[in-house]
Structures are given as C-alpha cells and as structure tokens.
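In: Here is a sequence together with a model predicted from it:
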Amino acid sequence: MKGEGRMRHLLEPGALVRHPGHPEWGLGQIQSVTGDRAAANFEHAGKQTLDLRRVELEFVESDV
C-alpha cells in the first residue's frame with residue numbers, strides 16, 4: 001500500500017512534509033500521528049487529517 005513507504009516511521013510531530021497530490025497546500029508540519037492517520041498543518045490549506053494508507057507524504061529536510 002502507498003502509506004507503508006520506507007520513510008513512514010519518521011512521521012512524528014514537527015516533521016515537515018508536502019502532500020504530493022496537493023502541491024498547492026504548500027509546506028506542512030505534522031501535528032500528531034495516531035495509527036493510520038496524521039494531522040498536519042499546511043501553509044495554504046490549514047489543518048488536514050490524512051489517511052496514511054492512501055497517501056505517502058514527501059518529507060522536507062529542515063535547514064536548521
């Protein structure tokens with residue numbers, strides 16, 4: 001399944017991501033992960049709850 005990619009274990013609060021199906025949402029920050037769901041706050045779409053079985057988020061490395 002899509003959401004079971006090799007980077008899924010890195011999904012934790014504070015991780016920076018992009019949604020490949022919605023690039024217009026901009027950069028997102030993971031707020032919480034519970035089971036197969038993650039809540040993320042995106043620059044141009046606000047808080048979104050995502051089904052990780054249906055989408056594999058793209059990780060964005062921090063410049064810090």
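Out: Great, that's in hand. Numbers count the residues shown, from 1 in each chain.
In: where do the strands sit along the protein?
Out: With DSSP state E as the criterion, the chain has strands at 16-18, 28-34, 37-42, 46-51, 58-59.
In: what about the closest residue to H22 other than its chain neighbours, neighbour count?
Out: Excluding the flanking residues, the one nearest H22 by C-beta to C-beta, 6 or more residues apart in numbering is A45, at 6.9 Å. C-beta coordinates here come from the backbone N, C-alpha and C atoms, glycine included. For A45, the neighbour count with other C-beta atoms under 10 Å is 14.
In: Tell me if I'm right that A45 and P23 touch.
Out: No. Checked against C-beta atoms under 8 Å, the pair A45 and P23 is beyond contact range at 10.8 Å.
In: surely P20 meets E56?
Out: Yes. Using C-beta under 8 Å, P20 is in contact with E56, at 7.2 Å.
In: Neighbour count for the two, which is higher?
Out: A count of neighbours by other C-beta under 10 Å puts E56 above the other of P20 and E56, at 19 against 11.
In: Quick check: phi and psi on the more buried one?
Out: phi -110, psi 100 (degrees, to the nearest 10).
In: Quick one: low-confidence residue ranges for the chain.
Out: Scanning the chain with the threshold set as pLDDT under 70 gives 1-9, 63-64.
In: If we use 50, what do you get?
Out: 1-4, 6 (pLDDT under 50).
In: Touching, G28 and Q48? I think so.
Out: Yes. Counting by C-beta under 8 Å, G28 does reach Q48; the two are 7.4 Å apart.
In: shared neighbours, these two?
Out: 19, 40-42 (C-beta atoms under 8 Å, 6 or more residues apart in numbering).
In: so which of these is the most crowded?
Out: A40 (26 neighbours).
In: List the residues that contact it.
Out: Contacts of A40 (C-beta under 8 Å, 6+ apart): 17, 19, 28-31, 47-48, 50, 57.
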